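Asker: coords below, sequence missing:
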């Protein structure tokens, strides 16, 4: 089982780390320009697109679990039906984003109380990058399908290609053409569409050889649609809670001024890097748990869960030790401004403990997605967000200052891990043991 987990996890770790590394390069590039508000604009613009695009994260997560179960049941026809269905949802969602682009940016900037300079450059960034929506959502769907088919290599190739190209374009636009946030936006836009082209080529080279006729009646089959939308509804609610927490974090940082916004943005980028590394094992859990649920192999499902959890915790320990040793050095990569670095160091302890604490809930997320037991995952996120994250912030803020944001975020992750662990006996082990 260790070998199978690593075969799926290692490509996912490589591709996942490249995602926050792209954000890290963007932050480092903009962080070395003359004005701090460029960095603030990238932070605010990114969180707006996190709300918009992560809201459709179910296109990746829900697809993986459903396809993995169909694959485990050896129903190749159903895997193709799911792919077409989810691509139709992706294109419909991207059309809605483009139609509503103006009210989305106006509402976002109304919610986030940024300085006039940050707001101005956020608009510039947004108006370009919003047109990447069709490509971005389609990639969610395609990568989720590949993972469900137990193929972690193709998403790795696509993601690395996307991010290397994006970095190259960003550097070219900013340093060669003298652009700022608009250069970063154009880099994201162009690279996303070229990545879709690569995804189509990879699919055609491997999976289009088996010709299966998919009819309209297959796409609208009632029971399958009910399961599809039930799973994706739960993941959508879960994702909105996650985005709300990160958005609240950025908005609260913006209220503290550009220096605190810049410092917390850099720390959050490092937070993402550790999260995406552990998520490699969460993705492996999605693929394997879904496969074994589809095959009704409870013993292997259980073994896959604990193997992925052990590897995830191990990576969490390594991440915590690494951040503890190299915290200041890592901050210096992102910015050369001493005041931003010193401000970030005030709250760096919360970054240091994050990899170990967060790894538990990340692995459980992968397990629940693979099993399509998404109701429990949704409930865990609602509890963590509504009962803990927001109240903890306002209760602690008068005494802890900016530490309150990080204490709230840490409690949010701890509660997710605790509740998902408590739910597991009923929602995973007893449920599928009974079915077997």
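Answerer: All right, it came through fine. Everything numeric in this text was worked out from a predicted model, so none of it was measured. Residues are numbered from 1 along each chain as shown.
Asker: just the buried residues of whichever strand or helix holds residue 411, please?
Answerer: Applying DSSP states H and E as the criterion places residue 411 in helix 403-424. Neighbour counts over helix 403-424 (16 or more other Cβ atoms under 10 Å) mark 404-417, 419-420, 423-424 as buried. In short, each C-beta sits where N, CA and C put it, glycine included.
Asker: so what touches that helix?
Answerer: Contact with helix 403-424 is made by 245, 249, 252-253, 264, 346-347, 350-351, 353-354, 357-358, 360-361, 364-365, 367-368, 376-377, 379-381, 383-385, 387-390, 392-393, 396-397, 400, as judged by Cβ atoms under 8 Å, 6 or more residues apart in numbering.
Asker: could you redo the last one with a cut-off of 7 Å?
Answerer: 245, 249, 252-253, 347, 350, 357-358, 360-361, 364, 368, 376-377, 380-381, 383-385, 388-389, 392-393, 396-397, 400 (Cβ atoms under 7 Å, 6 or more residues apart in numbering).
Asker: could you measure from residue 287 over to residue 12?
Answerer: Separation of residue 287 from residue 12 (Cβ to Cβ, to the nearest Å): 9 Å.
Asker: ditto for residue 378
Answerer: 23 Å.
Asker: what's the answer for residue 350, then?
Answerer: 26 Å.
Asker: just residue 156 next, same as before
Answerer: With Cβ to Cβ as the criterion, residue 156 and residue 12 are 7 Å apart.
Asker: how many residues are close by the closest residue to residue 180 other than its chain neighbours?
Answerer: Distance criterion Cβ to Cβ, 6 or more residues apart in numbering; nearest residue to residue 180, sequence neighbours excluded, is residue 38 at 5.3 Å. By other Cβ atoms under 10 Å, 23 other residues sit near residue 38.
Asker: please name the residues that touch residue 38.
Answerer: Counting by Cβ under 7 Å, 6+ apart, residue 38 has contacts 30, 121, 180-181.
Asker: what two of those residues are the furthest from one another?
Answerer: 30 and 121 (9.6 Å; Cβ to Cβ).
Asker: got any residues that touch both of the two?
Answerer: Residues touching both residue 30 and residue 121 (Cβ under 7 Å, 6+ apart) are 38, 181.
Asker: what does residue 55 show for phi and psi?
Answerer: Dihedral pair for residue 55: phi -60, psi -30, per degrees, to the nearest 10.
Asker: and it, how far from residue 241?
Answerer: 11 Å.
Asker: the more surrounded of these two?
Answerer: Set residue 55 next to residue 241 and count neighbours by other Cβ under 10 Å: residue 241 wins out with 20 against 17.
Asker: now do the same contact list for that one.
Answerer: Here residue 241 is in contact with 381-382, 385 (Cβ under 7 Å, 6+ apart).
Asker: hang on, the earlier thing: ok, so of the contacts of residue 38, who is nearest residue 229?
Answerer: residue 181 (36.9 Å).
Asker: surely that closest one is in contact with residue 123?
Answerer: No. The criterion here is Cβ atoms under 7 Å, and residue 181 misses it with residue 123 at 9.6 Å.
Asker: these two: which is more packed in?
Answerer: Higher neighbour count among residue 181 and residue 123: residue 181, with 27 against 17, using other Cβ under 10 Å.
Asker: would you check how far apart that one and residue 136 are?
Answerer: On the measure of Cβ to Cβ, residue 181 and residue 136 end up 18 Å apart.
Asker: ok, residue 368 next?
Answerer: Counting by Cβ to Cβ - residue 368 and residue 136 are separated by 24 Å.
Asker: those two: which has the busier surroundings?
Answerer: It is residue 368, of residue 368 and residue 136, that has more neighbours when counted by other Cβ under 10 Å, with 30 against 24.
Asker: what sits closest to the more buried one if chain neighbours are left out?
Answerer: The shortest distance from residue 368 to any residue other than its chain neighbours is 4.2 Å, reached at residue 377 (Cβ to Cβ, 6+ apart).
Asker: how many other residues sit next to that neighbour?
Answerer: Neighbour number of residue 377 under other Cβ under 10 Å is 27.
Asker: how about residue 300?
Answerer: By the criterion of other Cβ under 10 Å, residue 300 has 17 neighbours.
Asker: same check on the one 3 residues further on?
Answerer: Using other Cβ under 10 Å, residue 303 has 17 other residues around it.
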